[in-house]
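>>> Next one to model:
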Amino acid sequence: MPADNLQKLCSESRDKLKSAISIMETFLNEHALSQLVTDEEEETVHFYKGFLSDVRHLLVFSEVSYEKLGVVQRRPRFDIDFAEKALYHLYHRCVNNFFYPKNESYSEDGRYAYTGQDAIRFRMTPVRPARDVIMNITRIYEELREDLAYYESDYLMGRRLQPEKSLV
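I've put the predicted structure just below:
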């Protein structure tokens with residue numbers, strides 16, 4: 001990918017991450033487990049603990065990627081290798097963490113992806129603020145996934161063909 005396109009992709013990805021980070025931070029700063037749990041059923045408590053854990057992990061991975069992309073942009077000479085690594089990590093740590101959360105409190109149902117309906121399905125019906133935070137960042141991570149699809153497999157394949165460089 002030409003350096004100009006790569007720089008633009010880094011900048012756009014960083015802007016998108018900034019929006020997602022802001023939404024997640026606001027949610028996590030304003031909501032605690034006790035506010036989300038409407039009943040004391042063990043299954044509900046377990047669901048929200050996992051949900052909050054997934055959002056916190058996604059926030060941390062997103063902040064790390066945001067900072068790496070900032071370093072890419074601040075360097076006096078654009079470093080293509082570092083930029084590609086940062087985008088690779090963004091795809092594999094953030095985008096994949098969003099669509100495949102560890103605790104599986106929600107998941108993407110591909111059958112709805114092309115119908116104009118929300119493709120995110122929750123394991124149990126969440127309270128409105130919990131649902132809203134995921135729905136508000138879904139579009140951001142969908143756009144990042146589309147923009148960075150190259151980094152799903154082609155980036156590593158290209159690295160493997162260059163044996164003198166490390167893979168990641």
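>>> Once you drop chain neighbours, what's closest to Leu33?
Tyr48 (5.7 Å; Cβ to Cβ, 6 or more residues apart in numbering). For glycine as for every other residue, the C-beta is placed from the backbone atoms N, C-alpha and C.
>>> which is the next helix or strand following the helix or strand hosting the one you found?
Using DSSP states H and E, Tyr48 sits within helix 42-74. Downstream of helix 42-74, the next assigned helix or strand under DSSP H and E is helix 80-89.
>>> what about the residue nearest to Leu33, neighbour count?
By other Cβ atoms under 10 Å, the residues close to Tyr48 number 23.
>>> Contacts only, for it.
Taking Cβ atoms under 8 Å, 6 or more residues apart in numbering, we find Tyr48 in contact with Leu33, Leu36, Val37, Ser105, Pro126, Ala130.
>>> thinking again about what came up before, for the helix holding Tyr48, which positions count as buried?
Buried residues in helix 42-74, counted by 16 or more other Cβ atoms under 10 Å: 44, 47-48, 50-52, 54-55, 57-59, 61-66, 68-69, 72.
>>> rewinding a little: what about the residue nearest to Leu33, distance to Asn29?
Distance, Tyr48 to Asn29, using Cβ to Cβ, to the nearest Å: 16 Å.
>>> Asn97 now?
Where Asn29 is concerned, Asn97 sits at a distance of 20 Å (Cβ to Cβ).
>>> So which of these two has more stuff around it?
Taking neighbours as other Cβ under 10 Å, Asn97 and Asn29 compare with Asn97 leading, 18 against 8.
>>> picking up where we left off before, report pLDDT for the residue nearest to Leu33.
With respect to pLDDT, Tyr48 scores 95.
>>> Also Phe98?
96.
>>> the strands in this structure, which residues?
106-108, 120-122 (DSSP state E).
>>> Let's have the ones you listed in CSV, adding mean neighbour count.
Formatted as CSV, those follow (neighbours: other Cβ atoms under 10 Å):
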stretch, mean neighbour count
strand 106-108, 19
strand 120-122, 15
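>>> looking at these, which is closest to Glu25?
Closest to Glu25 of the strands of the chain is strand 106-108 (Cβ to Cβ; 19.1 Å).
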